[in-house]
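Asks: Mind folding the following:
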Amino acid sequence: MPIRRDNRGRYVEVEPRRAEETAWLRCRECGELVFRRKLKETNHICPRCGAYFFLTAQERIASIVDQDSYTTLTADYTSTDPLEFVDRRPYQERLDEAQAITGLNDAILVGRGTLDGSPLLLAVMDFRFIGGSMGQVVGDEIATAVERSAEEHIPFVLVVASGGARVQEGIVSLMQMAKTVATRNLLAEAGVPFIVVFTYPSSGGMLASVASLADVTIAEQGAMIGFAGPRVIEKTTGERLPAGFQTATFALEHGVVDQVVTRESLRAELAKALHVLTGGAHG
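Replies: Residues are numbered from 1 along each chain as shown. Down below sits the predicted model:
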């Protein structure tokens, strides 16, 4: 699934990454063929033009935590298709396909690790899985992670890559917004830091719920941050949107996020935020 904005604010399309065995990927911004192993060395940034390649949840986790420190806490269950939903395709068929492509049960991975020696509980969304949408499984995973983080007094970091609530689960999906918001209060009561990282894209029900309630919000340069797409907003309001609307820089200028960082510096900035919020304690 292609990403659409690079680290200089340009829209970019890159090769789909369904076949993990493919040795070479082509950057659609500059046309360069890049060796997959080389991308791992450059944090999945095109070495020629600087365009960002899309990160899977597994790759994002590897780019954040200390080597060999990560332990998965992701539950081994999947959506039950509560509405037996069918649009152009049955929802169950979409789930099966997403699971086959990503190797994930749903659109999120949760685990425990360290960052520069500081413990953290990390939840990372994967946009390849039905647009990173939040259904019951994603909501449950976030709520359970928050509860565990509060109980163990370990900072909670949520990396957002989501198009919003999962329409195929109807009201069940929308209730995850309320559930995750209510659970978030446990972190405040326990005095446990909560950090959100916005990537491309961060929108819809995720932005309208728990993702907007962090103590510190960091946006990766090139992130798209907004509730609905620009075309939907313009059609609904009849207003022309300002230049750069919903970019990470626009969000920073209007107080939506605390900081915009490049992918290369994200890990260091996260470590700095954890150090400040925990008073340098490693727990």
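Asks: thought residue 195 was touching residue 219?
Replies: No. Here residue 195 lies out of contact with residue 219, judged by CB atoms under 8 Å, at a distance of 11.8 Å. In short, each C-beta sits where N, CA and C put it, glycine included.
Asks: Which one's more surrounded, those two?
Replies: Set side by side, residue 195 and residue 219 show unequal neighbour counts under other CB atoms under 10 Å, the larger going to residue 219 at 27 against 22.
Asks: So what does the more buried one look like in phi/psi?
Replies: Residue 219 adopts backbone torsions of phi -110, psi 130, taken as degrees, to the nearest 10.
Asks: show me the contacts for it.
Replies: By CB atoms under 8 Å, 6 or more residues apart in numbering, the residues touching residue 219 are 197, 198, 199, 202, 225, 248, 251, 252, 257, 259, 260, 261.
Asks: Buried ones among those?
Replies: For the contacts of residue 219, a neighbour count by 16 or more other CB atoms under 10 Å gives the buried set as 197, 198, 199, 202, 225, 248, 251, 252, 257, 260, 261.
Asks: among those, which are in helices?
Replies: Taking DSSP state H, the ones among the buried ones among the contacts of residue 219 that sit in helices are 248, 251, 252.
Asks: Any chance of JSON lines for the residues you listed, columns distance to residue 67?
Replies: Formatted as JSON lines, these follow (distance: CB to CB, whole Å):
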{"residue": "248", "distance to residue 67": "28"}
{"residue": "251", "distance to residue 67": "32"}
{"residue": "252", "distance to residue 67": "31"}
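Asks: Next, format those residues as JSON lines and append distance to residue 145 and pLDDT.
Replies: Below are those laid out as JSON lines (distance: CB to CB, whole Å; pLDDT from 0 to 100):
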{"residue": "248", "distance to residue 145": "25", "pLDDT": "93"}
{"residue": "251", "distance to residue 145": "24", "pLDDT": "94"}
{"residue": "252", "distance to residue 145": "27", "pLDDT": "95"}
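Asks: What is the nearest of those to residue 120?
Replies: Lowest distance from residue 120 to these (CB to CB) belongs to residue 248, with 22.3 Å.
Asks: what bridges to the residue nearest to that closest one when sequence neighbours are not counted?
Replies: Counting by CB to CB, 6 or more residues apart in numbering, the nearest residue to residue 248 once its immediate chain neighbours are dropped is residue 219, at 4.0 Å. Each beta-bridge partner of residue 219 is listed here, defined by DSSP bridges: residue 198, residue 260.
Asks: Tell me the spacing between residue 219 and residue 210.
Replies: Distance of residue 219 to residue 210, computed by CB to CB, to the nearest Å: 16 Å.
Asks: so what's residue 201 closest to, chain neighbours aside?
Replies: residue 224 (4.2 Å).
Asks: Next one, pLDDT for residue 54 please.
Replies: Residue 54 is assigned a predicted lDDT (pLDDT) of 82.
Asks: That one: what secondary structure?
Replies: Of the three states, residue 54 takes coil under DSSP: H, G, I helix; E, B strand; the rest coil.
Asks: Quick check: the residue of the chain most remote from its centre vs residue 244, distance?
Replies: Relative to the average C-alpha location in the chain, and by CA atoms, centre = their mean, no residue lies farther out than residue 238, which sits at 30.5 Å. As defined by CB to CB, residue 238 lies at a distance of 20 Å from residue 244.
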